[in-house]
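Student: sequence-free structure coming up:
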């Protein structure tokens, strides 16, 4: 196995229940935040939710967070980690991709797995807002792929905006994930995302009075990307979209300190997708035997029930310590 193995002790070994418990159980209250809008080149707006601790100073740290597919700043992991950062004196900036969360109705365009240009505009805006604050970028699932893609595209220029990147469960090779979604045992996940995606499309077309979309009633995820995502995002096909939006193409060009976390039993992302490429020494890959897709529900329900949160927070403080 390529990558460092982490000794995560799961509450349950089933990847299905890890994924289910990780996403279904959400008792985290909303964290107080201030909305900030970032204008994109095509006129769309992206909404950020900024939670600034009471005694936070302009030279203190900030963590920018990007959610996964069909998520938002209100996603359970976004709220949990943001609150932990806030309590630790770190400013939490939750980024809503186009049309998500508090940015619903502010974007005619769509977000997708390769939306790194949008996030670059966010980095520029946040740098203007908080020029003296050292910043880290944290991405989860789809947001993790975008984070790695952006870091790779920026190369050494990334140091102007960020001190490091953390990516949890990134679909760094989109074609392989698209194939995993077609497996019979993964139809429950495919159907879940399809329901949310079609709902987003219907809202977008109705709200902006757009021409009717041509999605069939019974559509698969692959068909959704071929018929809708690819042409809207200006790709000739789903295959072209998967290729150019996969962070695997550029991850070897990342110059920032970067940590990547995979679970070997993730049902929709291969933990081995980066094993066949040579990564720079500043990019570290970590794997666990269990965890499902962004589940990582720990055996110790009092201290490490949300083990993913713990490891991410630990990595953030490691980054802060190394930079000081």
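Tutor: Sure, I can see it. Remember, predicted model here, so these are calculated numbers, not experimental data.
Student: helix/strand/coil for the residue at minimal distance from the centre of the chain?
Tutor: With distances taken as CA atoms, centre = their mean, residue 143 lies nearest the centre of the chain, 1.9 Å away. Counting by DSSP: H, G, I helix; E, B strand; the rest coil, the backbone at residue 143 sits in helix.
Student: how far away is it from residue 242?
Tutor: Residue 143 sits 17 Å away from residue 242, going by CB to CB, to the nearest Å. Bear in mind the C-beta positions are built from the backbone N, C-alpha and C, glycine included.
Student: re earlier: check contacts around the residue nearest to the centre of the chain.
Tutor: Residues near residue 143 by CB atoms under 8 Å, 6 or more residues apart in numbering: 65-68, 71, 95, 97.
Student: I'd like to know which of the residues you listed are buried.
Tutor: Among the contacts of residue 143, those classed as buried by 16 or more other CB atoms under 10 Å are 65-68, 71, 95, 97.
Student: can you put the residues you listed in JSON lines and add pLDDT, secondary structure and distance to residue 9?
Tutor: Compiled in JSON lines, the buried ones among the contacts of residue 143 are given as follows (pLDDT from 0 to 100; DSSP: H, G, I helix; E, B strand; the rest coil; distance: CB to CB, whole Å):
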{"residue": "65", "pLDDT": "98", "secondary structure": "strand", "distance to residue 9": "26"}
{"residue": "66", "pLDDT": "98", "secondary structure": "strand", "distance to residue 9": "28"}
{"residue": "67", "pLDDT": "98", "secondary structure": "coil", "distance to residue 9": "27"}
{"residue": "68", "pLDDT": "97", "secondary structure": "coil", "distance to residue 9": "24"}
{"residue": "71", "pLDDT": "96", "secondary structure": "coil", "distance to residue 9": "27"}
{"residue": "95", "pLDDT": "98", "secondary structure": "strand", "distance to residue 9": "32"}
{"residue": "97", "pLDDT": "98", "secondary structure": "coil", "distance to residue 9": "33"}
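Student: Go through those residues and say which is closest to residue 318.
Tutor: Minimum separation from residue 318 among the buried ones among the contacts of residue 143 (CB to CB) is found for residue 65, which lies at 17.4 Å.
Student: The closest one reaches residue 91, doesn't it?
Tutor: No - counting by CB atoms under 8 Å, residue 91 is not a contact partner of residue 65; they are 11.0 Å apart.
Student: By residue count, tell me the biggest helix in this structure.
Tutor: Of all the segments of type helix in the chain, defined by DSSP state H, the longest one is helix 187-207.
Student: per-residue confidence averaged over that one?
Tutor: For helix 187-207, the mean per-residue pLDDT is 96.
Student: in it, what's buried?
Tutor: Counting neighbours by 16+ other CB under 10 Å, one finds that the buried residues in helix 187-207 are 189-190, 193-194, 197-198, 200-201, 204.
Student: could you dump these to JSON lines with distance to residue 105?
Tutor: Compiled in JSON lines, the buried residues of helix 187-207 are given as follows (distance: CB to CB, whole Å):
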{"residue": "189", "distance to residue 105": "27"}
{"residue": "190", "distance to residue 105": "27"}
{"residue": "193", "distance to residue 105": "21"}
{"residue": "194", "distance to residue 105": "22"}
{"residue": "197", "distance to residue 105": "17"}
{"residue": "198", "distance to residue 105": "17"}
{"residue": "200", "distance to residue 105": "11"}
{"residue": "201", "distance to residue 105": "14"}
{"residue": "204", "distance to residue 105": "9"}
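Student: Now the two most distant members of those residues.
Tutor: Largest pairwise distance in the buried residues of helix 187-207, by CB to CB, is 22.7 Å, between 189 and 204.
Student: who touches residue 200 in this structure?
Tutor: By CB under 8 Å, 6+ apart, the neighbours of residue 200 are 70, 99.
Student: ok, back up a step: can you put the contacts of residue 143 in TSV and add distance to residue 310?
Tutor: Putting the contacts of residue 143 into TSV (distance: CB to CB, whole Å) gives the following:
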residue	distance to residue 310
65	16
66	20
67	19
68	19
71	20
95	22
97	26
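Student: Can you list the neighbours in contact with the worst-scoring helix or strand of the chain on mean pLDDT?
Tutor: Lowest on mean pLDDT, DSSP states H and E among the helices and strands of the chain sits helix 15-24, with a mean of 89. With contact meaning CB under 8 Å, 6+ apart, helix 15-24 is reached by 10-12, 76-77, 188-189, 263, 265-267, 290-297, 308.
Student: Next step: the residues you listed restricted to strands.
Tutor: Cross-referencing the contacts of helix 15-24 against strands under DSSP state E gives residue 263.
Student: In this model residue 247 seems to touch residue 148, though I could be wrong.
Tutor: Yes - between residue 148 and residue 247 there is a contact at 3.7 Å, judged by CB under 8 Å.
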